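**Q** Test case, fold it:
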Amino acid sequence: MKITTSLKKNYEFKRLYNKGKSAASQHVAVYCRQNGRNENRLGITVSTKLGGAVVRNRIRRRLKEIYRLNEQNLSCGLDIVIVARMKSRFSDYHEIEASVISLFRKLKVVVDSGPGGVA
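**A** Numbering: from 1, shown residues only. Now for the predicted structure:
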């Protein structure tokens, strides 16, 4: 299992938005950039426009779990930010998961794991 730490500083998020690669779907937008470390760093953003604290935390928990289950299929040394969009509020877990995985593939951060894997 890989170790992933959190992105917490505002300047780290801004640097990623400005200089990172991005891809978006109806459910989420994903930004990623090489960080020059031996670990991935993850940030999750859920706007107050999506709802109250209960709704935002439910979306955040879903995104963290999607990342955790697919972490072993990702390249190492990345900063990743996942931004929830309005449609993720009304979607079920599997729709959001398929969306996130397809964006990871689009950004080419998925390592080919052969048959039976996500890649």
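**Q** Packing partners of the helix or strand where R89 lies?
**A** If you go by DSSP states H and E, R89 is part of helix 87-90. Applying 3 or more Cβ pairs under 8 Å, 6 or more residues apart in numbering; DSSP states H and E, one finds that helix 87-90 makes contact with helix 53-70. Every C-beta, even on glycine, is put in place using the N, C-alpha and C of the backbone.
**Q** Any figure for the gap between the residue nearest the centre of the chain and L16?
**A** Nearest to the mean C-alpha position of the chain, by Cα atoms, centre = their mean, lies I82 at 3.7 Å. Between I82 and L16 the distance is 11 Å, computed by Cβ to Cβ, to the nearest Å.
**Q** Overlap in contacts, the two.
**A** Residues touching both I82 and L16 by Cβ atoms under 8 Å, 6 or more residues apart in numbering: G43.
**Q** just for the protein, where's the confidence low?
**A** 1-2, 112-119 (pLDDT under 70).
**Q** Do a quick rundown of the helices in it.
**A** 10-19, 53-70, 87-90, 93-106 (DSSP state H).
**Q** list the buried ones in stretch 14-25?
**A** Using 16 or more other Cβ atoms under 10 Å as the test for burial, stretch 14-25 gives 16, 20, 22-23, 25.
**Q** Which strand residues bridge the residue nearest to the centre of the chain?
**A** V30, I44 (DSSP bridges).
**Q** Am I right that it is in contact with R41?
**A** No: using Cβ atoms under 8 Å, I82 makes no contact with R41, being 12.0 Å away.
**Q** picking that back up, Q34: which of the helices of the chain is closest?
**A** helix 10-19 (10.0 Å; Cβ to Cβ).
**Q** by contact count, what packs against the closest one?
**A** strand 28-34, strand 40-45, strand 78-84.
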